[in-house]
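Trainee: just a sequence and a predicted model for now, questions to come.
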Amino acid sequence: MNIIVQDCDAGVLEVLSLSLEIEGINVLPLRSSHEIISHIEQFSPDAIILDFKLSGTDAIHACMMIKTKFENLPVIASSCNNNIQSEYRKYGFNDYLKKPFDLDSLYSSLKKYQYCAV
């Protein structure tokens, strides 16, 4: 399974990437969502995790770009925002993960998208 993980916090990105790699998942860690389309074309991910941040604008824009070109590629919002569970679908995300992460929930969420490669 290939996953692109984007988070602006280097520490969170490292912990999340290591947690996924321990489970045998290939991870492409990114600090920003710039040029996300070219990363998708090169890496062929089964799913993408985007850092929603407080305003969510960058992640929403990235999700819309992804869904325009890769309609069936699952995009998961990760956020510490309390309202993420009510907000994520209206912006095109397939799922959400609340920070701090519960690893069992993370693995369970990703297994749903195991065979969705681009």
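Mentor: Done, it's in. If you're wondering where the values come from, they're calculated on a predicted model, not measured in any experiment. Residues are numbered from 1 along each chain as shown.

Trainee: next structured bit after the helix or strand bottoming out on mean pLDDT in the chain?
Mentor: Counting by mean pLDDT, DSSP states H and E, the chain has its least confident helix or strand at helix 84-87, which shows a mean of 73. Note on helix 84-87: by DSSP states H and E, the next helix or strand toward the C-terminus is strand 95-98.

Trainee: these two touch, right, Ile76 and Asp51?
Mentor: No: with contact defined as CB atoms under 8 Å, Ile76 does not reach Asp51; the gap is 10.5 Å. From N, CA and C alone the C-beta is placed, and that goes for glycine too.

Trainee: tell me where the chain has helices.
Mentor: 10-22, 36-43, 57-69, 84-87, 103-111 (DSSP state H).

Trainee: worst average pLDDT in those helices?
Mentor: Across these, helix 84-87 has the smallest mean pLDDT, namely a mean of 73.

Trainee: tell me the buried residues in it?
Mentor: Buried positions in helix 84-87, judged by neighbour count with 16 or more other CB atoms under 10 Å: Ile84, Glu87.

Trainee: what about that helix, distance to the chain center?
Mentor: Taking CA atoms, centre = their mean, to the nearest Å, one finds helix 84-87 lying 15 Å from the centre of the chain it belongs to.

Trainee: please apply the same query to stretch 104-118.
Mentor: 11 Å.

Trainee: just want the most central residue of this structure.
Mentor: Ile49 (0.6 Å; CA atoms, centre = their mean).

Trainee: I figured it hits Ile3, correct?
Mentor: Yes: using CB under 8 Å as the test, Ile49 is close enough to Ile3 to be in contact (6.7 Å).
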